[in-house]
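>>> Sequence first, predicted coordinates after that:
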Amino acid sequence: MSGAPPARVVLACQDLIEAIATFQRGIYYDMRPFVTVANPWTHLRHSCVDEKDLELTAMAFAPFHDIVSMWYTKWGHERLPKLLACLPHLRDIVVSHAVFSGNLPVLQMLPAQTIQAVRYPLLDLAALTGRMDILDYLHAVVRHNGCTIWAIDKAAHYGHIDVVRYLHERRTEGCSAWAIMAAAKYGHLDVVKFLHAHLAHPCLKWALEHAAGANHVDIVGYIIESLGKDQVYGANAMNKAAHHGHVAMLELLDSHGLQCTTDAMDFAACCGHLDVVQWLHSNHDGGCTTLAMDEAARNGHLDVVRWLHTHRQEGCTKQAIHHSIMNKHWDVVRYLITHQLEGNGRDALDLAMHDPNAPSDVVALLRDKGAPVGVSTIVPELA
């Protein structure tokens, strides 16, 4: 080998080639896809819990995930230090992606100080996914400081009781009122019990409202039992249960003496929950407003419109026929006209005349009920 040409000796030594390559302009061929990769940080959420937080975070990481997953498959993790040396701006993205995707081997091969330097709240990210191994590694081994109240909030939201317990026992950040409300809303009774027992939040009534709206009977029963019989409840729990069409929940809340307002029947009618409207009419004197029929007509719920007209006295406003025409609910329009609920016949006729798809019989009915057409009465939305 001593007689080999120097150039051949250099070319045969990988360490020398890499040393020489550092002085060359450009990037390694296998690393080119990373040069233009989108930075997910612009989409990651730092300070709020969204109902689709997990989905949105996955979407933010998706472009980088597709590239790095293929790269790991082909090259393994051995070239990762070289990647970060060539493209140091990828450090935070690589680390946060490893946390989110649960890639513990990547984290373990990186120096602790590299992970510590990442400013993103990595413990929040681990809590979001419920990965206890990642969370424990960041807290106990790396000792990363990236943890906020949103860690427990997000873990509670997705029902990660082990994460909630771990953070409560080992961290001091605590959580916000949303933690127990989110747990109640998404049906995580074990999380609700833990938070109520250990954090003593004064917002158990708000949690009750969210659980009632989502029809979680077990959680509602637990909260009412925990609060006691002497509590004074607001109307939001029943209103939300009615809004979402949960008759059984209404019966449970009613059995514990909870009340509702006109919003309950208005919301139920708006969403087409005829069984809820009928139950409220028979069991509560809260009644409704003209908004009930207006919104039922707007959304095409003919059965609700018919029932309200037959059994209630509130009636509707001209918005009922206007919006049913604009939304092309012609059966509702016919019913409103036939029962003289059309409001201003001239305005309604103008609306129908300017809809090329309006049935001829509807236009004829409106013409019989209304005044001569005047284009000046067209609503602004259709002008």
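Perfect, thanks for sending it. Numbers count the residues shown, from 1 in each chain.
>>> drop to CA atoms for contacts and neighbour counts, all remaining ones
Will do.
>>> Distance from the biggest helix by length in the chain to the middle of the chain?
Of all segments of type helix in the chain, defined using DSSP state H, the longest is helix 53-75. Remark: helix 53-75 is offset 21 Å from the chain centroid, using C-alpha atoms, centre = their mean, to the nearest Å.
>>> swap in stretch 360-367?
With C-alpha atoms, centre = their mean, you get 43 Å for stretch 360-367.
>>> Would you map the helices across the stretch 1-150 of the chain?
Using DSSP state H, counting those that start in this stretch, the helices of the stretch 1-150 of the chain run over residues 6-11, 14-21, 53-75, 80-86, 91-101, 104-109, 112-116, 122-129, 132-136, 150-157.
>>> and the angle from the last one to helix 122-129?
If I follow you right, that is helix 150-157. Orientation check (axes from the mean of the first three to the mean of the last three C-alpha atoms, to 10 degrees): helix 150-157 against helix 122-129 gives 0 degrees.
>>> which one is Glu295 nearest to, not counting chain neighbours?
Of all residues not flanking Glu295 in the chain, Cys270 sits nearest, at 4.7 Å (C-alpha to C-alpha, 6 or more residues apart in numbering).
>>> how far away is the one you found from Thr290?
Applying C-alpha to C-alpha, to the nearest Å, the value for Cys270 to Thr290 is 11 Å.
>>> So the two - more neighbours on which side?
Cys270 (24 against 16; other C-alpha atoms under 10 Å).
>>> Looks like that one contacts Leu302 (just checking).
No: using C-alpha atoms under 8 Å, Cys270 is not in contact with Leu302; the gap is 11.0 Å.
>>> shared neighbours, these two?
Ala296 (C-alpha atoms under 8 Å, 6 or more residues apart in numbering).
>>> would JSON lines of the helices of the stretch 1-150 of the chain with distance to His216 and mean pLDDT be doable?
Compiled in JSON lines, those are given as follows (distance: least, C-alpha to C-alpha, whole Å; pLDDT from 0 to 100):
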{"stretch": "helix 6-11", "distance to His216": "69", "mean pLDDT": "76"}
{"stretch": "helix 14-21", "distance to His216": "61", "mean pLDDT": "74"}
{"stretch": "helix 53-75", "distance to His216": "22", "mean pLDDT": "92"}
{"stretch": "helix 80-86", "distance to His216": "47", "mean pLDDT": "92"}
{"stretch": "helix 91-101", "distance to His216": "30", "mean pLDDT": "96"}
{"stretch": "helix 104-109", "distance to His216": "36", "mean pLDDT": "97"}
{"stretch": "helix 112-116", "distance to His216": "40", "mean pLDDT": "96"}
{"stretch": "helix 122-129", "distance to His216": "22", "mean pLDDT": "96"}
{"stretch": "helix 132-136", "distance to His216": "27", "mean pLDDT": "98"}
{"stretch": "helix 150-157", "distance to His216": "15", "mean pLDDT": "96"}
